[in-house]
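Asks: I'll drop the sequence and a predicted model, then ask my questions.
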Amino acid sequence: MTLFPEMFESLKLSILGRAIKNNIISIDAVNIRDYAFNKHNKVDDYTYGGGAGMLMQAEPVYQCHKAISEKIGTDKKIRTVYLTPQGQVLNQTLAMELAKEDELILLCGHYEGIDERVLEETVTDYISIGDYVLTGGELPAMVLIDTVSRFVEGVLNNDESAMTESFSNGLLEYPQYSRPEVWHDKAVPEILMSGHHENVEKWRFEQSLERTKERRPDLYDEFTKTHTKDKKGRWIL
């Protein structure tokens, strides 16, 4: 649900574009202005109590949400996400949870936001992509679509890809290398060319642990609090 549906055309490229073409996922950008009841399809008005900026009105948002729900044709309430800096910060765990839904409705705000009454009536989740403010909810919605889609079976060529990246086990991803073997006098670590898979996995985990400790000490502290070591001093995942 958006005032600028054309912004979502970029999602038809690359990996998501292939998934859409193969009918694995579908994205329908619905224009809230189509549900305005005035000559100029105006959806905003002044806020009660004064203050700067305009506010999106309740009725066009409500009618748009109602039309989408009726088109989907389900008796249960469809999980509806309002993209807002006031919401829960999006992370890997939440993305995996949302990927289990058959349908998601994403509501993109603009101006000073949306009339609180329609949010209370339609929204089930308030989600943020970070502690900063953008001009609208379209970019956060696209971020959410991208990260959630990666957990839908068939979107990625390699099903393990989404499970071996940063945050999948609470740690940042290990460094990776490709050809040539030596670039700018920097060589690929020998362990990665040894063919010894067990040692490679051990090295990757150690690198993930070290990188997380250096770059995201908050995640490192959480990992050490929630995981234990075996008798040989190895972390149990």
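Replies: Yep, that arrived.
Asks: contact partners for the spatially most central residue of the chain?
Replies: Nearest residue to the geometric centre of the chain (C-alpha atoms, centre = their mean): L144, 2.6 Å. Residues in contact with L144, defined by C-beta atoms under 8 Å, 6 or more residues apart in numbering, are V81, L83, L90, A95, L98, L106, I127, I129. Glycine gets a C-beta too; all of them are placed from N, C-alpha and C.
Asks: what do you get if the cut-off is 10 Å, keeping everything else the same?
Replies: When contacts are counted by C-beta atoms under 10 Å, 6 or more residues apart in numbering, L144 touches V81, L83, L90, L94, A95, L98, L104, L106, I127, I129, G137.
Asks: which of those fall within strands?
Replies: When DSSP state E is applied, the contacts of L144 are split such that V81, L83, L106, I127 fall in strands.
Asks: from those, pick the one nearest K231.
Replies: Taking C-beta to C-beta as the measure, K231 lies nearest I127 of the ones in strands among the contacts of L144, at 41.7 Å.
Asks: which residue, other than its chain neighbours, is closest to the closest one?
Replies: Leaving aside its sequence neighbours, I127 sits nearest to G87 (C-beta to C-beta, 6 or more residues apart in numbering; 4.4 Å).
Asks: now do the contacts for the one you found.
Replies: V81, V123, D125, Y126, I127, S128, I129, P140.
Asks: which among the residues you listed end up buried?
Replies: V81, V123, D125, I127, S128, I129, P140 (16 or more other C-beta atoms under 10 Å).
Asks: including pLDDT and distance to E190, could those residues go into CSV?
Replies: Below are those laid out as CSV (pLDDT from 0 to 100; distance: C-beta to C-beta, whole Å):
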residue, pLDDT, distance to E190
V81, 98, 46
V123, 98, 53
D125, 98, 47
I127, 98, 44
S128, 97, 43
I129, 97, 39
P140, 98, 43
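Asks: tell me how far the lengthiest helix in the chain lies from the chain's centre.
Replies: Ordering each helix of the chain by length in residues (DSSP state H) puts helix 197-215 first. The chain centroid and the centroid of helix 197-215 are separated by 25 Å under C-alpha atoms, centre = their mean, to the nearest Å.
Asks: so what touches that helix?
Replies: For helix 197-215, using C-beta under 10 Å, 6+ apart, the contacting residues are 164, 166-167, 169-176, 189-194, 196, 218-224, 234-235, 237.
Asks: okay, and which of those map to helices?
Replies: Among these, the members falling in helices (DSSP H) are D218, L219, Y220, D221, E222, F223, T224.
Asks: buried ones among those residues?
Replies: L219, Y220, F223.
Asks: got a markdown table for the residues you listed, with distance to N38 and pLDDT too?
Replies: Putting these into a markdown table (distance: C-beta to C-beta, whole Å; pLDDT from 0 to 100) gives the following:
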| residue | distance to N38 | pLDDT |
| --- | --- | --- |
| L219 | 49 | 93 |
| Y220 | 54 | 95 |
| F223 | 54 | 95 |
